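Engineer: can't give you the sequence, but here's the structure:
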């Protein structure tokens, strides 16, 4: 239970959702779009978040879409992770979505994981690698934009804007891929490292989270991984250096340990994909 009163909206269209946000915002309420609500409920129970209004997007058809159209695979932001996994149209995404137990995945939404407050946002990694397009709607209308243009450590949304869906080219979902996840304790613990790799038109792409404290895709990183002038054995360390980012160092794992895990994952990916 959330230990305070709030306003609950249940729109059935994108227009109603945007109107609900405008109404709540004008009333001075701290407003959140709501998919599964796992993070909102958790933070509210702890007293770290006090939402004044929530807008439930599960009854908006566009937010629950899971289909292929125009040569692209489309995933609604309101889909629970189990629906994404069981859909199976993007194998790397299905693998990357196994981040909590089955019961929680019945509620945790794709959009909630990508746009939520927890820094790991593991399900965004396959989309960053797959030339994803984000579909957004807000007070200024609807727009489609490459995900990489609006995602930098987190999803950069305008005030009142909602992530409707993400889509990727069907061809990329069928390319070779490699996945590695490392945790401290149980299999479904928060990650110390998660890394995803795909091979598209002979070129390897990599994206990682937790090692640097947030999701990272870097063209400098990929350039080193595909540089034939660099010995394969040297590419993991040199790619990490090329990213130019500080590796996270905290109570969960030291920077040295995280770096060792990341170098190992990159080496395994190169062995598998080259």
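Structural biologist: Arrived safely. Quick caveat: nothing in here was measured; it's all calculated off a predicted structure.
Engineer: OK, contacts around residue 208?
Structural biologist: Listed by Cβ atoms under 8 Å, 6 or more residues apart in numbering, the contact partners of residue 208 are 125, 193, 194, 195, 196, 215, 216, 262, 265. C-beta: built from backbone N, CA, C; applies to glycine.
Engineer: from those, which is closest to residue 234?
Structural biologist: Of all the contacts of residue 208, the one with the least separation from residue 234 (Cβ to Cβ) is residue 262, at 14.5 Å.
Engineer: where does that closest one land in three-state SS?
Structural biologist: The three-state assignment at residue 262 reads helix, by DSSP: H, G, I helix; E, B strand; the rest coil.
Engineer: so what's it closest to, chain neighbours aside?
Structural biologist: residue 211 (4.8 Å; Cβ to Cβ, 6 or more residues apart in numbering).
Engineer: thought that neighbour was touching residue 181?
Structural biologist: No - shown here, residue 211 and residue 181 do not form a contact pair, counting by Cβ atoms under 8 Å, at 11.4 Å.
Engineer: contacting residues for the residue nearest to residue 262?
Structural biologist: When contacts are counted by Cβ under 8 Å, 6+ apart, residue 211 is found next to 192, 193, 195, 247, 248, 258, 259, 261, 262.
Engineer: and what of residue 55?
Structural biologist: Contacts were defined as Cβ under 8 Å, 6+ apart; by that measure residue 55 touches 9, 11, 17, 20, 21, 24, 31, 32, 33, 34.
Engineer: beta partners of it?
Structural biologist: Beta-bridge partners for residue 55, by DSSP bridges, are residue 9, residue 33.
Engineer: For residue 63, see how far away it is.
Structural biologist: 11 Å (Cβ to Cβ, to the nearest Å).
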